Structure formats: structure tokens, C-alpha cells
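**Q** Task: produce atomic coordinates for the following.
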Amino acid sequence: MSTLAADRPDAFEKASTVTFSDDDIAGIAKALAHPARIRIVRLLLEKQACIGCDIVDEVGLAQSTVSEHLRILKASGVITGEVEHPRVCYSLNPDRLVPLAALLNAVFEKDSRGELRGSICFAPSA
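**A** Sure, this is the predicted structure:
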């Protein structure tokens, strides 16, 4: 089973030596916690970079709504926006996702070792 750490060893090597705060991880998760924002992330993942008006066309929401979702993603650091007058070119910032990915990877690693099966609260009695 491929893990996130196997796909980005450099980022996860750094992540293993850094403790991310719960607030930091929750902030990233909160920024991603809307279907339109996930759609934007998937779009940027597919196209690697995208102009704001193209995102509006692809996402199919009002320009003002998409702008608000882009603002939230940008404020969290999940995406970056580079001004190319008169437009803004957005792209993903994968390094910002490392804290959330590290948490998820820890869950997947424990699960792959069978350490998350069953409950320790109701261990069978001998």
C-alpha cells in the first residue's frame, strides 16, 4: 500500500521532525471543508495552475462565490495566487498540506499494521 510518506519522502522527513499544532491541522482541514474548495483543489491538481476566470467556468458557481472560496484557500496557504495583470494565476502549495497529510498518513500506517482494528475499551477478557 502506497502511503503519503512514500510519495513525498522529503516533505515527510521534514514533517517527522516537526510537530504540527492541532490548530494548524484544523485550519487546513477547515479551509478544505467545502465541496467547491475540493473541486478547486482537484482542478488545480489536474491543471497545475489556473487563471481565476477559468476556475469560475470550471466550477460553475458565481464569480463572487468562487472568489470567496479562493480567498479562503489562499488565506490558509493551500493555494497561492500570482498576479498577472489583470488576472490572478492560482496554483497549489503542496508544502502547506504536509501537516494534514502527516496526520492522515499516521492513521493509514497504524491501520496498515492492524493497530486500529477493534477497540481497546472492550478488550476480550481472559
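
**Q** Could you tell me which ranges of the protein sit under the pLDDT cut-off?
**A** 1-18, 119-120, 122-126 (pLDDT under 70).

**Q** would you list every one of the strands in it?
**A** Counting by DSSP state E, one finds strands in the chain at the ranges 50-51, 79-84, 87-92.

**Q** can the ones you listed go into JSON lines with extra columns for mean neighbour count and distance to residue 32?
**A** C-beta coordinates here come from the backbone N, C-alpha and C atoms, glycine included. Shown next, in JSON lines, are those (neighbours: other C-beta atoms under 10 Å; distance: least, C-beta to C-beta, whole Å):
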{"stretch": "strand 50-51", "mean neighbour count": "17", "distance to residue 32": "17"}
{"stretch": "strand 79-84", "mean neighbour count": "14", "distance to residue 32": "11"}
{"stretch": "strand 87-92", "mean neighbour count": "17", "distance to residue 32": "12"}
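
**Q** Okay, buried residues for stretch 108-118 please.
**A** For stretch 108-118, a neighbour-count test (16 or more other C-beta atoms under 10 Å) marks residue 108 as buried.

**Q** If anything else comes up later, I'll come back, but that's it for now.
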